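S.K.: Model the structure of this input:
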Amino acid sequence: MVTETAESIKLENLRKGDLFQYNTQQWSIKDYATYKDRKGYKTEEWLIESDGSSVSIKTQRYLIREVDPENSPNSVNWYIAQEIKQPEIYVSDEEASNDNIVPTLLPKMLRQDTPFPQLRYLGIVYYLESQTGGTYKARMWRDTRVTWDC
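M.R.: Numbering: from 1, shown residues only. Predicted coordinates:
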């Protein structure tokens, strides 16, 4: 067993079962996965769960570390994301409609269709930044994934 001091612990070294403190809450790592493509783009994601101590409800989020070689070589972005339950996403351009496109997204991504240039969620318009295809690896399995980054 390796013992690390608080100063030597780095978020990217955390794995399932580890604990950390953030925003007055204790979080535990429930799962870990990576995603990378042939151009060197890479994300690491940790499924994290709060202990519920500050809000009395256990909460799950994703802690995401992104390295994009098209940015500065030392540029690393960190995000905290939340799964959207029953999402409703709409096209937001000249052909916009009030039809929820969520049921059509997976088939479009699997066919590698051209991404929508703009999407609307909760009244906010998001613009396509990039499309990436690569390998998603979690525990003992791998899968090919396509992401549309807005």
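
S.K.: Tyr41: neighbouring residues, count only.
M.R.: Residues near Tyr41, counting by other CB atoms under 10 Å, number 20. (C-beta placed from N, C-alpha, C; glycine too.)

S.K.: so it makes contact with Val67?
M.R.: Yes: judged on CB atoms under 8 Å, Tyr41 makes contact with Val67 at a distance of 7.2 Å.

S.K.: Next, the spatially most central residue of the chain: secondary structure please.
M.R.: The residue lying closest to the centre of the chain (CA atoms, centre = their mean) is Ile64, at 5.5 Å. With DSSP: H, G, I helix; E, B strand; the rest coil as the basis, Ile64 sits in strand.

S.K.: Find the nearest non-adjacent residue to it, please.
M.R.: Using CB to CB, 6 or more residues apart in numbering and skipping the chain neighbours, the partner closest in space to Ile64 is Tyr79 (4.3 Å).

S.K.: For the protein, which segments count as strands?
M.R.: Per DSSP state E, the chain carries strands over the ranges 19-22, 25-36, 42-50, 60-67, 76-81, 90-91, 118-121, 124-127, 130-138, 141-149.

S.K.: Worst mean pLDDT among those strands?
M.R.: Among these, strand 141-149 carries the lowest mean pLDDT, a mean of 66.

S.K.: quick one: contacts for the residue nearest to the centre of the chain?
M.R.: Contacts for Ile64 (CB atoms under 8 Å, 6 or more residues apart in numbering) come out as Thr43, Glu44, Glu45, Trp46, Trp78, Tyr79, Ile80, Ala81.

S.K.: among those residues, which ones are buried?
M.R.: Buried members of the contacts of Ile64, scored by 16 or more other CB atoms under 10 Å, are Thr43, Glu44, Glu45, Trp46.

S.K.: ok, now how distant is the residue nearest to the centre of the chain from Asn77?
M.R.: With distances taken as CB to CB, to the nearest Å, Ile64 is found 8 Å from Asn77.

S.K.: any common contacting residues for these two?
M.R.: Counting by CB under 8 Å, 6+ apart, Ile64 and Asn77 have no contacts in common.

S.K.: For burial, what's the neighbour tally of Trp27?
M.R.: As a burial measure, Trp27 scores 22 neighbours (other CB under 10 Å).

S.K.: can you pull the contacts of the nearest residue to it once chain neighbours are set aside?
M.R.: Computed as CB to CB, 6+ apart, the closest residue to Trp27 that is not its neighbour in sequence is Ile48, at 4.5 Å. Ile48 sits next to Trp27, Ser28, Ile29, Lys30, Gln60, Arg61, Tyr62, Leu63 when contact means CB under 8 Å, 6+ apart.
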